[in-house]
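Visitor: Let me see the structure of the following:
(chains A and B)
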Amino acid sequence: MSLSTALNIINSAFVTNAAQSAVIANNISNASTTGYNREIANAVTNYSGGASVVSVTREANTALIEQVNASTSQAGYQQALSDGLTTLANTVSDSSSATSSSGVLAAGNSPSAMLANLQSALETYDASPSSTSAGQGVVTAAQGLASSLNTGAAAVYSVQERADSDMNSAVSTVNSLLTQFTSVNATIVSGTATGADISSAEDTRDSILTQLSQEIGISTVSNPDGSTSIYTDSGATLFQGGQASTLTFAPTATYAAGVSGNQVMVDGVAITGSSSPMAIQSGALAGYENLRDVVAPQYGAQLDQIADGLVSAFSESDQTGGTAATLPGLFTFAGATGVPPTSDATGLASEIEVNAAVDPSQGGDVNLLRDGGINGSDYVYNATGDASYTGRIEDMISVTTSTQSFSGAAGLGTSSSLSDYADASVSWLQSQNQQASNQLDYQNSVVSQATTALSNAAGVNLDTEMTNMLTIENSYTTTAKLLTTVNDMFTTLLDAV
Amino acid sequence: MATSTVSTLSLGAAMLSGVTRAQNQLTQLTTEASSGQYADLGLQLGDQSGYELSLRNQTNLLQSLTTANSLTVTNLKTAQAALDSIRTTAESAVSTLTSLTAGSSGAASTLQDTGTNALQELISDTNTSSNGQYVFGGENSSVAPMADYFSSTASAAKTAIDAAFQSTFGFAPTSASAANISASQMQSFISGTFANLFSDASWTSNWSSASSANVTTQIAPGESATTSTNANQPGFQQLAEGYAMLAEFGGSSLSTETQQTVVTAASSLINQGVSSLTTTEATLGSAQTQVTDATTSMSNQLTILQTQIGNLDDVDANSVAVQLNSLQTQLETAYQLTAQLQKMSLAQYLPT
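Guide: This is a model prediction of the structure:
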């Protein structure tokens, strides 16, 4: 061994120190970057006996990343559902402004509360049937009920429209992320082959996958060449062999009765919807689809059943003993030719209105409520026209609490009273809302825990970096001392010659 | 090896998310503390929302029924006051008749005046209205139940009586020939032709516009009651018959014996009328009791309902206060810890 060998080793020590310092500096500067994975400079003994940095690897924990992605997908699903349900629940939020302890009731706007208002108005009318103002009160309450159903139906359609447009944005987000993924993945594959530093590309790829799982549930497979394949959680291929699939979706701008939206397709196969052979289970996309095609329509169907129940309950029957058809009374809808059966109630909630024949502001006569005859003289109940006749009013009071049949498709049973049905509908909605909200809270905390675990496992601890820095500093000081010493030895040697 | 490291990022974020959550809860608890109710009832109650709503709706309904019942009670009281007044008039008419000696001087004019006044008061009392509705009209409450017997154009009832007298005796009641009517002739006229003028059919065509159907009103959920009476009740007919008899024939120049026949017949009719009215009054009284009872029972139900709503909606003020306090402590600790943790860095301890 010669002194010049010692100098070579000292030189390589400086290079190694510089490389390690660079990695530490990189780690420290990214200490607050979410998704940054700590880098490690791997030093080995080289041929001359010195040390050199041969590679930089990154701390990674695949299991934890998968857990973060899976929980992000679940949270995305619940978030989409919960947002929509909150919008729907706002249309029935009766109690929020009430102070029950003082007995003051909220001016609720759910069909159920409006139905109760109508019952109250009818009771008042019943006590003074000759009073036009009491009759007007019934008409006003009925208009409130009709408008509550109209509002509810409009909210259902608007939730569907928003979910549809959110699906469209989610699809373009997924497509753009897949494009980014394609180029990052290519960088990693070529970097792996050439041995270049691909840590930051891998960070980017992980971050893209997390963003992707927000929109759509995914599973990933790592390949030997460093590339990653992406499949939906239902097994449809999103990225494989360097090729990204493209999601296609035809948005539907306007929702109305009987309109159903399109499904998201990958390579000609639907990946959303109940009829899809491989429907995705999580991610915002699945949440929007469930909201648009299952939850909102079901609530809409319940509103339609309530509307149908109202038209049928307040209808007028032939009083002459003849067989003329039963026709809509207080509640009717545009183009009504009779009372529709419960199975044919689609869209009724958005069309229901108070019959113009009893509305003074539209030239109607309030007394027709008391006497009957909205549909002509065959339907008059109060034949003598007595001012205090209450028979018809009491009929109308009793129909709201007597058992009626409903279509089972709306999911609230087939037989109950109108007011119970309206209450049950509110319960159904609020319970869906509560479930989604609880699930969202839960999934968010799972995401938070998984992210923390991942950050702890793969992230930067400043104190660790600082300690390493001190070690490198000491090593640098010693190396410098060594250099001085070798230099002194050379000087002594040369002086002696 | 399970010794895990903690990344600087998650160390900072852990406290941050804790603080955010605590602040959210603080807002919610403040709302709850000020309103006394859950901040978001729908979210809190979930599938019990419908039940809570039905309790509220029931409360709403009971309250409007209570208001409606007070109106019904007012109508019933008005009707009873009118019946009282009718009965008083009738009793005073009977006492006048009892103290009267048939054939004495001035008896004829006393009889006529008594009959006329009593009949006028009967008509006026029967046409009593409450809230713009005639209380004795039955369902037909918008029309005055009894026509004015003494109107300037002769009423149907008066015309019928005059015509009946004329056709039976061949002269008008005011004629001097009335003195020739024997007691038995008068008796058969009163109990025959004249009584027929007060049969149900004649009564509704000549005297009364009231509907025989009484008003029924819902006084509690699912409970209806008959809450009116009508001027077609026998009491009204008997009184009108007695009074009309006196008003029309009492003043005629009848023989003492015939006059006594009229007085006896009228007294008997008025007494029957009073007794019939008592029955009517009792019916109204029991309707009023029924309404009052229903109102009382609804008031009890309202108390129960409000307790139930309170159980669902109201937060426990004490627990909210305690939670608020502990949240405050927690937040303060979090702030302190954040400051402490920021100091806990190796960089602070290295010589510069």
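Visitor: Are there helices or strands packed against the longest helix along chain B, and which ones?
Guide: Of all the elements of type helix in chain B, the one with the most residues (DSSP state H) is helix B:256-313. If you count contacts as 3 or more C-beta pairs under 8 Å, 6 or more residues apart in numbering or on different chains; DSSP states H and E, helix B:256-313 packs onto helix B:49-99, helix B:107-126, helix B:183-189, strand B:216-220, strand B:223-226, helix B:234-249. Where you see a C-beta, it was placed from the backbone N, CA and C, and this is true even at glycine.
Visitor: Chain A is nearest to which of those?
Guide: Proximity to chain A (C-beta to the nearest C-beta) singles out helix B:49-99 among the helices and strands packed on helix B:256-313, at 3.1 Å.
Visitor: What is the closest one packed up against?
Guide: Under the contact definition 3+ C-beta pairs under 8 Å, 6+ apart, helix B:49-99 sits against helix A:111-127, helix A:418-458, helix B:41-45, helix B:107-126, strand B:129-130, strand B:216-220, helix B:234-249, helix B:256-313.
Visitor: Out of these, which gets nearest to A:Ile393?
Guide: Closest to A:Ile393 of those is helix A:111-127 (C-beta to C-beta; 4.7 Å).
Visitor: what element comes up after the closest one heading to the C-terminus?
Guide: The helix or strand immediately downstream of helix A:111-127 is helix A:132-194, counting by DSSP states H and E.
Visitor: could you point out which element follows that next one?
Guide: helix A:199-215.
Visitor: what's near enough to touch the residue nearest to the spatial centre of chain B?
Guide: With distances taken as C-alpha atoms, centre = their mean, B:Thr72 lies nearest the centre of chain B, 0.6 Å away. Residues near B:Thr72 by C-beta atoms under 8 Å, 6 or more residues apart in numbering or on different chains: A:Ala127, B:Thr217, B:Ile219, B:Thr227, B:Val291.
Visitor: winner for burial among the helices and strands packed on helix B:256-313?
Guide: Highest mean neighbour count of these: helix B:234-249, a mean of 26 (counted as mean count of other C-beta atoms under 10 Å in any protein chain shown).
Visitor: Kindly export it (C-alpha atoms) in CSV.
Guide: Only the C-alpha atoms of helix B:234-249 are listed here, as CSV (Å, rounded to 0.1, in the frame of the first residue of the first chain):
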residue,chain,number,x,y,z
PRO,B,234,-140.3,19.2,18.3
GLY,B,235,-139.7,21.9,21.0
PHE,B,236,-139.6,24.7,18.5
GLN,B,237,-142.7,23.4,16.7
GLN,B,238,-144.7,23.1,19.9
LEU,B,239,-143.7,26.5,21.1
ALA,B,240,-144.5,28.2,17.8
GLU,B,241,-147.8,26.4,17.6
GLY,B,242,-148.8,27.6,21.1
TYR,B,243,-147.6,31.1,20.6
ALA,B,244,-149.2,31.4,17.1
MET,B,245,-152.5,30.1,18.6
LEU,B,246,-152.4,32.9,21.2
ALA,B,247,-151.3,35.6,18.8
GLU,B,248,-153.9,34.8,16.2
PHE,B,249,-157.0,33.6,18.1
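Visitor: Could you list the low-pLDDT ranges of the chain?
Guide: By default, I'm working from chain A. Scanning chain A for pLDDT under 70 picks out A:1, A:94-108.
Visitor: Can you look at chain B instead?
Guide: B:1-4, B:352.
Visitor: if you set the cut-off to 50 instead, what comes out?
Guide: Residues of chain B meeting the criterion pLDDT under 50: B:1-2.
Visitor: residues in contact with the residue nearest the centre of chain A?
Guide: Centroid-nearest residue in chain A, with C-alpha atoms, centre = their mean: A:Ala80, separated by 0.4 Å. Neighbouring residues of A:Ala80 by C-beta under 8 Å, 6+ apart: A:Ala163, A:Asp166, A:Ala284, A:Ala286, A:Gly287, A:Tyr288, A:Asn290, A:Leu291.
Visitor: what about it, distance to A:Thr485?
Guide: Distance from A:Ala80 to A:Thr485, counting by C-beta to C-beta, to the nearest Å: 69 Å.
Visitor: any idea how far chain B is from the residue nearest to A:Asp225 when sequence neighbours are not counted?
Guide: Leaving out its chain neighbours, the residue that sits closest to A:Asp225 by C-beta to C-beta, 6 or more residues apart in numbering or on different chains is A:Val189, at 5.3 Å. To chain B, A:Val189 is 29 Å away according to C-beta to the nearest C-beta, to the nearest Å.
Visitor: residues in contact with A:Val189?
Guide: Neighbour list for A:Val189: A:Asp225, A:Gly226, A:Ser227, A:Gly242 [criterion: C-beta under 8 Å, 6+ apart].
Visitor: Now with 7 Å, please.
Guide: For A:Val189, the contact set (C-beta atoms under 7 Å, 6 or more residues apart in numbering or on different chains) comprises A:Asp225, A:Gly226, A:Ser227.
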